[in-house]
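*Asks:* The sequence isn't on hand, but the structure is:
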(Lines give C-alpha, C1' and ligand atoms only; values in the text may rest on other atoms or scores of the structure.)
Protein backbone atom coordinates (compact mmCIF):
# COMPACT_ATOMS: atom_id res chain seq x y z
CA UNK A 1 0.00 0.00 0.00
CA UNK A 2 1.38 3.39 -0.91
CA UNK A 3 0.53 6.65 0.82
CA UNK A 4 0.86 10.30 -0.04
CA UNK A 5 0.30 13.44 1.97
CA UNK A 6 -2.92 13.86 0.01
CA UNK A 7 -4.44 10.56 1.13
CA UNK A 8 -7.85 12.18 1.52
CA UNK A 9 -8.17 12.40 -2.24
CA UNK A 10 -7.67 8.69 -2.90
CA UNK A 11 -9.55 7.25 -5.86
CA UNK A 12 -12.70 5.42 -4.66
CA UNK A 13 -13.24 1.78 -5.49
CA UNK A 14 -16.39 -0.25 -6.05
CA UNK A 15 -16.49 -3.94 -5.24
CA UNK A 16 -18.62 -6.62 -3.68
CA UNK A 17 -17.37 -9.32 -1.35
CA UNK A 18 -18.46 -11.33 1.65
CA UNK A 19 -18.18 -9.66 5.01
CA UNK A 20 -17.66 -11.71 8.14
CA UNK A 21 -17.44 -9.39 11.18
CA UNK A 22 -14.43 -9.96 13.41
CA UNK A 23 -16.61 -11.39 16.16
CA UNK A 24 -16.48 -15.18 16.22
CA UNK A 25 -19.45 -17.04 14.83
CA UNK A 26 -21.00 -14.14 12.92
CA UNK A 27 -22.90 -15.06 9.79
CA UNK A 28 -21.38 -13.95 6.50
CA UNK A 29 -23.11 -10.99 4.88
CA UNK A 30 -22.81 -9.52 1.39
CA UNK A 31 -20.65 -6.41 1.45
CA UNK A 32 -21.43 -3.74 -1.10
CA UNK A 33 -19.13 -0.74 -1.40
CA UNK A 34 -20.56 2.21 -3.29
CA UNK A 35 -18.52 5.03 -4.74
CA UNK A 36 -19.14 8.39 -3.08
CA UNK A 37 -21.57 10.69 -4.87
CA UNK A 38 -18.87 13.30 -5.47
CA UNK A 39 -15.52 13.39 -3.75
CA UNK A 40 -14.54 16.94 -2.74
CA UNK A 41 -11.11 18.31 -3.57
CA UNK A 42 -8.90 19.65 -0.80
CA UNK A 43 -8.26 23.35 -1.27
CA UNK A 44 -4.88 23.56 0.45
CA UNK A 45 -1.76 21.50 -0.10
CA UNK A 46 0.44 20.88 2.94
CA UNK A 47 4.12 20.03 2.92
CA UNK A 48 4.79 17.35 5.51
CA UNK A 49 6.52 14.02 5.85
CA UNK A 50 4.89 11.08 4.11
CA UNK A 51 4.95 7.89 6.19
CA UNK A 52 4.89 4.50 4.53
CA UNK A 53 3.14 1.63 6.25
CA UNK A 54 6.49 -0.17 6.45
CA UNK A 55 8.03 2.78 8.31
CA UNK A 56 5.19 2.89 10.80
CA UNK A 57 5.36 -0.86 11.30
CA UNK A 58 9.09 -0.57 11.96
CA UNK A 59 8.33 1.90 14.74
CA UNK A 60 5.75 -0.47 16.25
CA UNK A 61 8.36 -3.23 16.27
CA UNK A 62 11.09 -1.25 18.07
CA UNK A 63 12.19 -2.52 21.48
CA UNK A 64 9.69 -1.10 23.95
CA UNK A 65 12.15 1.14 25.81
CA UNK A 66 13.52 2.57 22.55
CA UNK A 67 10.01 3.30 21.27
CA UNK A 68 9.05 5.01 24.51
CA UNK A 69 12.24 7.08 24.45
CA UNK A 70 11.59 8.28 20.91
CA UNK A 71 7.95 9.07 21.64
CA UNK A 72 8.76 10.94 24.85
CA UNK A 73 11.49 12.92 23.07
CA UNK A 74 9.06 14.03 20.35
CA UNK A 75 6.41 14.77 22.96
CA UNK A 76 8.70 17.01 25.02
CA UNK A 77 9.72 18.94 21.92
CA UNK A 78 6.15 20.14 21.43
CA UNK A 79 4.24 19.87 24.72
CA UNK A 80 4.54 20.12 28.48
CA UNK A 81 4.85 16.38 29.27
CA UNK A 82 3.05 16.84 32.58
CA UNK A 83 -0.04 18.54 31.20
CA UNK A 84 -3.17 16.81 29.92
CA UNK A 85 -6.22 18.19 28.14
CA UNK A 86 -9.60 17.27 29.63
CA UNK A 87 -12.45 16.84 27.16
CA UNK A 88 -16.04 15.83 27.95
CA UNK A 89 -18.18 13.82 25.53
CA UNK A 90 -21.98 13.95 25.58
CA UNK A 91 -24.38 11.89 23.48
CA UNK A 92 -26.89 14.50 22.29
CA UNK A 93 -28.79 12.03 20.12
CA UNK A 94 -28.51 8.37 21.11
CA UNK A 95 -29.26 5.14 19.23
CA UNK A 96 -31.14 4.32 16.06
CA UNK A 97 -28.12 4.56 13.77
CA UNK A 98 -28.57 2.74 10.42
CA UNK A 99 -24.85 1.96 10.10
CA UNK A 100 -23.61 -1.54 11.00
CA UNK A 101 -20.26 -0.71 12.67
CA UNK A 102 -19.37 -3.95 14.44
CA UNK A 103 -18.18 -2.20 17.60
CA UNK A 104 -21.15 0.14 18.11
CA UNK A 105 -24.06 -0.48 20.52
CA UNK A 106 -26.05 2.35 18.88
CA UNK A 107 -26.59 0.47 15.62
CA UNK A 108 -30.14 -0.64 14.77
CA UNK A 109 -28.62 -3.88 13.47
CA UNK A 110 -27.67 -5.16 16.95
CA UNK A 111 -29.69 -5.90 20.07
CA UNK A 112 -27.73 -4.08 22.76
CA UNK A 113 -30.48 -2.52 24.84
CA UNK A 114 -29.74 1.01 23.64
CA UNK A 115 -32.97 2.88 22.93
CA UNK A 116 -33.20 5.44 20.15
CA UNK A 117 -33.72 8.96 21.45
CA UNK A 118 -34.35 12.46 20.13
CA UNK A 119 -31.86 15.32 19.95
CA UNK A 120 -31.34 16.97 23.32
CA UNK A 121 -32.69 20.45 23.94
CA UNK A 122 -30.42 23.48 23.93
CA UNK A 123 -30.91 24.15 27.66
CA UNK A 124 -29.98 20.56 28.53
CA UNK A 125 -26.77 20.75 26.55
CA UNK A 126 -25.87 24.16 27.98
CA UNK A 127 -26.29 22.82 31.52
CA UNK A 128 -24.11 19.79 30.72
CA UNK A 129 -21.42 22.04 29.26
CA UNK A 130 -21.47 24.26 32.35
CA UNK A 131 -21.04 21.19 34.57
CA UNK A 132 -18.15 19.98 32.40
CA UNK A 133 -16.43 23.35 32.65
CA UNK A 134 -16.86 23.43 36.41
CA UNK A 135 -15.26 19.96 36.57
CA UNK A 136 -12.22 21.22 34.65
CA UNK A 137 -12.93 20.30 31.02
CA UNK A 138 -11.72 22.67 28.30
CA UNK A 139 -13.42 21.00 25.33
CA UNK A 140 -17.01 19.82 25.04
CA UNK A 141 -17.75 17.17 22.43
CA UNK A 142 -21.23 16.25 21.23
CA UNK A 143 -22.06 12.98 19.49
CA UNK A 144 -25.20 12.18 17.50
CA UNK A 145 -25.96 8.69 16.16
CA UNK A 146 -26.67 9.58 12.53
CA UNK A 147 -25.25 8.13 9.34
CA UNK A 148 -25.43 11.59 7.79
CA UNK A 149 -27.44 14.47 9.29
CA UNK A 150 -30.14 16.21 7.29
CA UNK A 151 -30.12 19.96 6.77
CA UNK A 152 -32.54 20.45 9.67
CA UNK A 153 -30.35 18.31 11.92
CA UNK A 154 -27.27 20.40 11.18
CA UNK A 155 -29.23 23.59 11.87
CA UNK A 156 -30.37 22.19 15.22
CA UNK A 157 -26.83 21.12 16.19
CA UNK A 158 -25.56 24.57 15.23
CA UNK A 159 -27.75 25.94 18.03
CA UNK A 160 -26.17 23.46 20.44
CA UNK A 161 -22.72 24.59 19.32
CA UNK A 162 -23.63 28.21 20.04
CA UNK A 163 -24.80 27.23 23.52
CA UNK A 164 -21.52 25.45 24.25
CA UNK A 165 -19.46 28.35 22.93
CA UNK A 166 -21.38 30.71 25.22
CA UNK A 167 -19.89 28.82 28.19
CA UNK A 168 -16.33 29.55 27.01
CA UNK A 169 -15.52 25.93 26.14
CA UNK A 170 -14.15 24.67 22.85
CA UNK A 171 -16.88 22.90 20.88
CA UNK A 172 -16.53 19.64 18.98
CA UNK A 173 -19.15 17.40 17.44
CA UNK A 174 -19.40 14.09 15.62
CA UNK A 175 -22.53 13.68 13.52
CA UNK A 176 -21.55 11.27 10.76
CA UNK A 177 -20.93 12.11 7.12
CA UNK A 178 -21.44 15.74 6.09
CA UNK A 179 -22.85 16.97 2.79
CA UNK A 180 -21.74 20.13 1.02
CA UNK A 181 -22.48 23.25 3.08
CA UNK A 182 -22.95 21.46 6.40
CA UNK A 183 -19.44 22.10 7.70
CA UNK A 184 -19.75 25.78 6.81
CA UNK A 185 -22.96 26.09 8.86
CA UNK A 186 -21.24 24.50 11.85
CA UNK A 187 -18.21 26.75 11.47
CA UNK A 188 -20.45 29.83 11.43
CA UNK A 189 -21.98 28.63 14.71
CA UNK A 190 -18.49 28.57 16.22
CA UNK A 191 -17.54 24.90 15.96
CA UNK A 192 -13.85 24.39 16.73
CA UNK A 193 -13.41 20.67 15.95
CA UNK A 194 -15.25 18.02 13.99
CA UNK A 195 -14.64 14.38 14.90
CA UNK A 196 -14.77 11.77 12.16
CA UNK A 197 -12.66 8.71 12.87
CA UNK A 198 -11.11 6.50 10.19
CA UNK A 199 -11.76 3.59 12.59
CA UNK A 200 -9.22 1.15 11.14
CA UNK A 201 -6.91 0.43 8.20
CA UNK A 202 -8.40 0.54 4.68
CA UNK A 203 -7.80 -3.17 4.09
CA UNK A 204 -9.58 -4.14 7.33
CA UNK A 205 -12.42 -1.66 7.04
CA UNK A 206 -14.88 -4.00 5.33
CA UNK A 207 -14.49 -6.53 8.15
CA UNK A 208 -15.93 -4.00 10.60
CA UNK A 209 -18.39 -1.90 8.56
CA UNK A 210 -20.36 -2.64 5.39
CA UNK A 211 -22.78 0.30 5.19
CA UNK A 212 -20.13 2.82 4.09
CA UNK A 213 -16.62 2.70 2.70
CA UNK A 214 -13.30 4.23 3.63
CA UNK A 215 -13.55 6.95 0.99
CA UNK A 216 -16.76 8.22 2.61
CA UNK A 217 -14.73 9.04 5.71
CA UNK A 218 -12.04 10.83 3.72
CA UNK A 219 -14.61 12.91 1.85
CA UNK A 220 -16.12 14.30 5.04
CA UNK A 221 -12.67 15.12 6.40
CA UNK A 222 -11.93 17.15 3.27
CA UNK A 223 -15.21 19.05 3.66
CA UNK A 224 -14.37 19.83 7.28
CA UNK A 225 -10.89 21.04 6.34
CA UNK A 226 -12.18 23.14 3.48
CA UNK A 227 -14.61 24.86 5.87
CA UNK A 228 -11.76 25.88 8.17
CA UNK A 229 -12.71 23.59 11.07
CA UNK A 230 -10.00 21.70 12.94
CA UNK A 231 -10.05 17.92 12.56
CA UNK A 232 -10.39 15.34 15.32
CA UNK A 233 -9.73 11.94 13.75
CA UNK A 234 -8.38 8.67 15.07
CA UNK A 235 -9.34 5.03 15.26
CA UNK A 236 -10.05 1.95 17.33
CA UNK A 237 -7.59 -0.81 18.11
CA UNK A 238 -8.28 -4.28 19.44
CA UNK A 239 -10.92 -5.19 16.85
CA UNK A 240 -8.98 -8.18 15.52
CA UNK A 241 -6.69 -6.23 13.22
CA UNK A 242 -3.03 -7.19 12.81
CA UNK A 243 -0.07 -5.06 13.81
CA UNK A 244 0.46 -4.33 10.13
CA UNK A 245 -3.11 -3.06 9.92
CA UNK A 246 -2.58 -0.87 12.98
CA UNK A 247 0.42 0.54 11.12
CA UNK A 248 -1.87 1.12 8.14
CA UNK A 249 -4.31 3.10 10.27
CA UNK A 250 -1.59 5.31 11.75
CA UNK A 251 -0.07 5.90 8.31
CA UNK A 252 -3.44 6.99 6.94
CA UNK A 253 -3.90 9.43 9.82
CA UNK A 254 -0.37 10.81 9.63
CA UNK A 255 -0.62 11.31 5.86
CA UNK A 256 -3.80 13.36 5.96
CA UNK A 257 -2.80 16.80 4.76
CA UNK A 258 -2.48 18.21 7.32
CA UNK A 259 -2.70 15.46 9.91
CA UNK A 260 -5.45 15.92 12.55
CA UNK A 261 -5.07 18.42 15.38
CA UNK A 262 -6.64 15.83 17.69
CA UNK A 263 -6.07 12.08 17.38
CA UNK A 264 -8.27 9.91 19.63
CA UNK A 265 -6.91 6.38 20.01
CA UNK A 266 -9.70 4.15 21.26
CA UNK A 267 -9.37 0.70 22.77
CA UNK A 268 -12.32 -1.48 21.78
CA UNK A 269 -15.04 -1.50 24.42
CA UNK A 270 -16.74 -4.86 24.02
CA UNK A 271 -20.52 -4.50 24.29
CA UNK A 272 -22.85 -7.48 24.52
CA UNK A 273 -24.95 -7.84 21.40
CA UNK A 274 -22.38 -6.39 19.00
CA UNK A 275 -20.38 -8.62 16.62
CA UNK A 276 -17.15 -7.75 18.46
CA UNK A 277 -18.44 -8.58 21.94
CA UNK A 278 -16.29 -11.74 22.18
CA UNK A 279 -13.18 -10.32 20.52
CA UNK A 280 -10.01 -11.49 22.36
CA UNK A 281 -8.27 -8.83 24.42
CA UNK A 282 -5.44 -6.84 22.87
CA UNK A 283 -2.11 -6.94 24.69
CA UNK A 284 -2.08 -3.69 26.73
CA UNK A 285 1.50 -2.99 25.66
CA UNK A 286 0.37 -3.11 22.03
CA UNK A 287 -2.06 -0.32 22.83
CA UNK A 288 0.74 1.70 24.43
CA UNK A 289 2.87 1.12 21.33
CA UNK A 290 0.05 2.49 19.17
CA UNK A 291 -0.11 5.65 21.29
CA UNK A 292 3.67 6.09 21.01
CA UNK A 293 3.69 5.71 17.23
CA UNK A 294 0.80 8.16 16.88
CA UNK A 295 2.87 10.66 18.86
CA UNK A 296 5.99 10.16 16.73
CA UNK A 297 4.19 10.40 13.40
CA UNK A 298 1.92 13.30 14.40
CA UNK A 299 4.16 15.33 16.69
CA UNK A 300 2.00 18.43 17.22
CA UNK A 301 -1.36 16.67 17.53
CA UNK A 302 -3.23 16.17 20.76
CA UNK A 303 -3.16 12.39 21.13
CA UNK A 304 -6.23 11.45 23.13
CA UNK A 305 -6.38 8.42 25.37
CA UNK A 306 -10.00 7.77 24.53
CA UNK A 307 -12.49 4.89 24.94
CA UNK A 308 -11.49 1.81 26.89
CA UNK A 309 -9.66 3.49 29.76
CA UNK A 310 -11.89 1.93 32.37
CA UNK A 311 -10.46 -1.53 31.67
CA UNK A 312 -6.82 -0.46 31.39
CA UNK A 313 -5.82 0.16 34.97
CA UNK A 314 -3.69 3.01 36.24
CA UNK A 315 -0.32 1.54 35.22
CA UNK A 316 -1.27 1.17 31.54
CA UNK A 317 -2.74 4.66 31.47
CA UNK A 318 0.46 6.01 33.00
CA UNK A 319 2.50 4.32 30.26
CA UNK A 320 0.22 5.92 27.67
CA UNK A 321 0.99 9.35 29.09
CA UNK A 322 4.71 8.57 28.93
CA UNK A 323 4.17 7.43 25.32
CA UNK A 324 2.78 10.85 24.44
CA UNK A 325 -0.94 10.84 25.18
CA UNK A 326 -1.88 14.30 26.41
CA UNK A 327 -5.66 14.36 26.29
CA UNK A 328 -8.39 12.25 27.87
CA UNK A 329 -12.15 12.05 27.72
CA UNK A 330 -13.22 13.14 31.18
CA UNK A 331 -16.54 12.14 32.71
CA UNK A 332 -18.39 9.00 33.70
CA UNK A 333 -19.76 8.04 30.27
CA UNK A 334 -18.58 8.07 26.65
CA UNK A 335 -21.74 8.19 24.56
CA UNK A 336 -23.18 4.89 25.83
CA UNK A 337 -20.17 3.15 27.41
CA UNK A 338 -18.63 3.63 30.89
CA UNK A 339 -15.58 5.80 31.59
CA UNK A 340 -13.51 6.28 34.79
CA UNK A 341 -15.20 8.74 37.13
CA UNK A 342 -13.94 12.27 37.58
CA UNK A 343 -12.50 11.73 41.07
CA UNK A 344 -10.53 8.67 39.93
CA UNK A 345 -9.06 10.60 37.01
CA UNK A 346 -8.03 13.54 39.16
CA UNK A 347 -6.50 11.20 41.73
CA UNK A 348 -4.47 9.44 39.02
CA UNK A 349 -3.19 12.70 37.56
CA UNK A 350 -2.20 13.85 41.04
CA UNK A 351 -0.31 10.62 41.72
CA UNK A 352 1.53 11.06 38.43
CA UNK A 353 2.37 14.70 39.12
CA UNK A 354 0.36 15.76 36.08
CA UNK A 355 -2.00 18.71 35.79
CA UNK A 356 -4.99 19.57 33.60
CA UNK A 357 -4.55 22.07 30.82
CA UNK A 358 -5.83 25.50 31.79
CA UNK A 359 -9.49 26.16 31.06
CA UNK A 360 -10.34 28.49 28.21
CA UNK A 361 -12.56 31.53 28.58
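*Replies:* Thanks, I have it. As the structure is a computational prediction, the values presented were derived from the model and not from experiment.
*Asks:* Could you pick out the longest strand of this structure?
*Replies:* strand 83-93 (DSSP state E).
*Asks:* who does that one touch, helix- and strand-wise?
*Replies:* Under the contact definition 3 or more Cβ pairs under 8 Å, 6 or more residues apart in numbering; DSSP states H and E, strand 83-93 sits against helix 122-134, strand 139-144, strand 302-305, strand 327-329, strand 333-334, strand 355-356. Any C-beta I mention is one placed from the backbone N, CA and C, and that applies to glycine too.
*Asks:* Could you name the helices and strands sitting against the fourth one?
*Replies:* For strand 327-329, the contact count by 3+ Cβ pairs under 8 Å, 6+ apart identifies strand 83-93, strand 262-267, strand 302-305 as packing neighbours.
*Asks:* Using a markdown table, lay out these together with mean neighbour count and mean pLDDT.
*Replies:* Shown next, in a markdown table, are the helices and strands packed on strand 327-329 (neighbours: other Cβ atoms under 10 Å; pLDDT from 0 to 100):
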| stretch | mean neighbour count | mean pLDDT |
| --- | --- | --- |
| strand 83-93 | 23 | 91 |
| strand 262-267 | 26 | 96 |
| strand 302-305 | 26 | 95 |
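*Asks:* a markdown table for those strands, including distance to residue 72?
*Replies:* What follows is those, written out as a markdown table (distance: least, Cβ to Cβ, whole Å):
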| stretch | distance to residue 72 |
| --- | --- |
| strand 83-93 | 14 |
| strand 262-267 | 16 |
| strand 302-305 | 12 |
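*Asks:* Compare these and report which one is nearest to residue 116.
*Replies:* strand 83-93 (8.8 Å; Cβ to Cβ).
*Asks:* Go through the helices and strands packed on strand 83-93 and find the least confident stretch.
*Replies:* For those, mean pLDDT drops lowest on strand 333-334, to a mean of 48.
*Asks:* State the distance from residue 265 to residue 102.
*Replies:* Going from residue 265 to residue 102 by Cβ to Cβ, to the nearest Å gives 18 Å.
*Asks:* The residue lying closest to residue 97 once chain neighbours are set aside: what's it in contact with?
*Replies:* The shortest distance from residue 97 to any non-neighbouring residue, by Cβ to Cβ, 6 or more residues apart in numbering, is to residue 145 (4.0 Å). For residue 145, the contact set (Cβ atoms under 8 Å, 6 or more residues apart in numbering) comprises 91, 93-97, 106, 116.
*Asks:* For these, which PyMOL command selects only the ones that are buried?
*Replies:* PyMOL command restricting the contacts of residue 145 to the buried ones, with burial defined by 16 or more other Cβ atoms under 10 Å:
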select buried, resi 91+93+94+95+97+106
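*Asks:* Where does confidence bottom out across the contacts of residue 145?
*Replies:* residue 96 (73).
*Asks:* which ones are touching that one?
*Replies:* Contacts for residue 96 (Cβ under 8 Å, 6+ apart) come out as 106, 108, 116-117, 145.
*Asks:* How about residue 172?
*Replies:* Neighbours of residue 172 in contact, by Cβ under 8 Å, 6+ apart: 87, 139-142, 191-195, 232, 262.
*Asks:* Which single one of these is nearest to residue 305?
*Replies:* Residue 305 has its nearest neighbour among those in residue 87, at 10.6 Å by Cβ to Cβ.
*Asks:* Against residue 262, how distant is the nearest residue to that closest one once chain neighbours are set aside?
*Replies:* Nearest non-adjacent residue to residue 87, counting by Cβ to Cβ, 6+ apart: residue 139, 4.1 Å away. For residue 139, the distance to residue 262 equals 8 Å [Cβ to Cβ].
*Asks:* returning to what we had before: quick one: residues contacting the residue nearest to residue 87.
*Replies:* Counting by Cβ under 8 Å, 6+ apart, the residues that residue 139 touches are 85-88, 169-172, 192-193.
*Asks:* let's see 6 Å
*Replies:* 87, 170, 172 (Cβ atoms under 6 Å, 6 or more residues apart in numbering).
*Asks:* Redo those as JSON lines? Include distance to residue 122.
*Replies:* Below are the contacts of residue 139 laid out as JSON lines (distance: Cβ to Cβ, whole Å):
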{"residue": "87", "distance to residue 122": "21"}
{"residue": "170", "distance to residue 122": "18"}
{"residue": "172", "distance to residue 122": "17"}
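*Asks:* from those, which is closest to residue 344?
*Replies:* Using Cβ to Cβ, the contacts of residue 139 come closest to residue 344 at residue 87, 16.4 Å.
*Asks:* what's near enough to touch the closest one?
*Replies:* Residue 87 makes contact with 139, 141, 329, according to Cβ under 6 Å, 6+ apart.
*Asks:* what does residue 354 give?
*Replies:* Residue 354 sits next to 82, 84 when contact means Cβ under 6 Å, 6+ apart.
*Asks:* Need the per-residue pLDDT for it.
*Replies:* Note for residue 354: predicted pLDDT of 95.
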